[in-house]
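Undergrad: okay, here's the prediction I keep looking at, along with the sequence it came from:
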Amino acid sequence: MFNKYFHQYEIGETWVSKGRTITEADLVMFSAFSGDWFPLHIDKEYASKYTV
């Protein structure tokens, strides 16, 4: 998978990676890292009001 530099990839090129379960801790760490604490992204009750 990592046998090319970024500029060597072509648009539309794909690869298969190992699956991984995303946990609540992953979401909290991403919010902390990015500073994105918007309730729609982190609060299940708040977000449930906006489902389509």
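TA: Done, it's in. Numbers count the residues shown, from 1 in each chain.
Undergrad: for the chain, what spans make up the helices?
TA: Along the chain, the stretches classed as helices by DSSP state H are 24-34, 39-42, 44-48.
Undergrad: and these as CSV, adding distance to F2 and mean pLDDT?
TA: Backbone N, C-alpha and C define where each C-beta goes, glycine included. Output for these, formatted as CSV (distance: least, C-beta to C-beta, whole Å; pLDDT from 0 to 100):
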stretch, distance to F2, mean pLDDT
helix 24-34, 22, 94
helix 39-42, 29, 89
helix 44-48, 35, 91
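Undergrad: pick the most buried one from these.
TA: helix 39-42 (a mean of 12; mean count of other C-beta atoms under 10 Å).
Undergrad: how about residues contacting it?
TA: Residues from elsewhere that reach helix 39-42 (C-beta atoms under 8 Å, 6 or more residues apart in numbering): L27, V28, S31, D36, Y46, A47, Y50.
Undergrad: pretty sure the third one sits against W37.
TA: Yes. Look at S31 against W37 with C-beta atoms under 8 Å: they come within range, at 5.5 Å.
Undergrad: that older thread, let's have the contacts of helix 39-42 in TSV, adding distance to W15.
TA: TSV is the format used below for the contacts of helix 39-42 (distance: C-beta to C-beta, whole Å):
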residue	distance to W15
L27	25
V28	28
S31	28
D36	27
Y46	36
A47	31
Y50	33
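Undergrad: state the pair within the residues you listed that is farthest apart.
TA: Based on C-beta to C-beta, the longest span within the contacts of helix 39-42 runs between V28 and Y50 and measures 20.4 Å.
Undergrad: pLDDT score assigned to Y50?
TA: Y50 carries a pLDDT value of 86.
Undergrad: and it, its phi and psi?
TA: phi -120, psi 20 (degrees, to the nearest 10).
Undergrad: that one and F30, how far apart?
TA: 20 Å (C-beta to C-beta, to the nearest Å).
Undergrad: V16 now?
TA: Using C-beta to C-beta, V16 is found at 23 Å from F30.
Undergrad: over to D43?
TA: To F30, D43 is 15 Å away according to C-beta to C-beta.
Undergrad: what do you get for E24?
TA: Computed as C-beta to C-beta, the E24 to F30 distance reads 11 Å.
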